[in-house]
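Participant: quick one, fold the following:
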Amino acid sequence: MIGWAVKPAVKRCANLINKLGPNTFISEARTALVLGCTLLELGNLRIWHRIDLGLKVRIDKPNMHYEANGLNYHYRFQNTLNSFQVTRPLQAILAHNISDIIGNDTGRVDCTVICEQLAQRQPWAQWTSAKPQHGLQVRPMNPTSLTYALRDSGIKPSGFPRGLTLDDLAPLLDRYPRVPELDPTKYTREVYHLPVGSEHGPHNPVRYRLGDIADYLADPWPILIDRVGESNRETIYCLRSPDWKDGLVKIGMSGISKGYTHRMIDYRASEKFPGDPIVHWAIEVPTRIVLEKRLHNLYLPRQRDSVGAGKAGGEMFWGSPKLYSPERMLRDAVTILEETGSKHTVLDVDPITYKV
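Facilitator: Take a look at the predicted model:
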């Protein structure tokens, strides 16, 4: 399912994180370059993230499905010119801010003085004209816009020069004794990246966070879930040939125990495998875990360039006495299974008959 080289993508992503940081958002085109895929493949991955793909094992209907295991993405949103939405909670925030500005002053405070202080706070520093259809530029709130923002709240600046008192603000302050929370995506001119599902999403460019890309590349393989009822199982094995040097091993996958036994006998009796296979270990696991691909991804730095190092499908890995020993690989496999709460069986392998 992964149509691009994973290992180079891991390196490219790590270099960008070192340069820009994990919380940096990058464009869709740059994400495709990091992964080493096309924009079409990246778009398909977004669809994969949101829907279920059925795998037709039988002709009548799918009996295996992929869990949502795609790359998280966001929509880039920025309100650069349009006026902010004036709601009652926003008016309450404005009343609290004006109350802070007035302080202990028992008299009427000029709206010009109030707006000078509001210009140092958000979102009033990025306000716009009372009539945005006139095309005026974004600017701090002024006495005219202040009147416009409070027009439906029952508060109206009065006197000459126009001003406000604490008594004028009392109705809103009594209704909202605490300052309401402000939605930053609606009341700021800054860039915000909204998670999938936002109401603003479909109309704005797609962005990816470098930290999300790194997390995805750590385990990009799909997870299969069984919707028939009975859990499908497969056998993951680690073996080598006496002709292979430098601890080279193969991590492969076969069907149930019977299929695994036939695979080993086939390796021994045909020219598909150099010499008699020496099986280090075999473990029966649920199909949905996709344990083989998880192990492949875990040992990417040791992958041999048999089908292209770092690519899906590469089953050959350079071993070592300790860090990448077959025993260590088995422990890693069991750890993955225990962390996912998966029932598994480490098989006793007969090196002569390959029966389990």
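Participant: how about the helices of the stretch 201-350 of the chain, start to end?
Facilitator: In the stretch 201-350 of the chain, the helices defined using DSSP state H, counting those that start in this stretch lie at 210-218, 257-269, 291-298, 326-339.
Participant: ugh, wrong one, the stretch 51-200 of the chain
Facilitator: Ranges of helices in the stretch 51-200 of the chain, per DSSP H, counting those that start in this stretch, are 88-102, 111-118, 143-149, 166-175.
Participant: going by mean pLDDT, which of the helices of the stretch 201-350 of the chain comes out lowest?
Facilitator: Least confident of the helices of the stretch 201-350 of the chain, judged by mean pLDDT, is helix 257-269 with a mean of 72.
Participant: what comes up buried for it?
Facilitator: Neighbour-count burial for helix 257-269, counted by 16 or more other CB atoms under 10 Å, picks out 257, 260-261, 263-264, 267. Every C-beta, even on glycine, is put in place using the N, C-alpha and C of the backbone.
Participant: and if you look at stretch 322-333?
Facilitator: For stretch 322-333, by 16+ other CB under 10 Å, it's 324, 326, 329-330, 332-333.
Participant: please identify which of the residues you listed is nearest to residue 177.
Facilitator: Nearest to residue 177 among those, counting by CB to CB, is residue 332 at 56.3 Å.
Participant: need the contact list for that closest one.
Facilitator: By CB atoms under 8 Å, 6 or more residues apart in numbering, the contact set of residue 332 is 295, 298.
Participant: just the strands in this structure please.
Facilitator: 25-27, 54-55, 64-66, 74-77, 109-110, 163-164, 192-195, 206-209, 224-226, 233-240, 248-254, 278-286, 316-318, 345-346 (DSSP state E).
Participant: now render those as CSV, adding distance to residue 121 and mean pLDDT.
Facilitator: Below are those laid out as CSV (distance: least, CB to CB, whole Å; pLDDT from 0 to 100):
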stretch, distance to residue 121, mean pLDDT
strand 25-27, 27, 92
strand 54-55, 53, 52
strand 64-66, 49, 56
strand 74-77, 22, 83
strand 109-110, 16, 88
strand 163-164, 16, 87
strand 192-195, 19, 77
strand 206-209, 28, 90
strand 224-226, 50, 55
strand 233-240, 60, 87
strand 248-254, 59, 88
strand 278-286, 56, 88
strand 316-318, 59, 88
strand 345-346, 64, 88
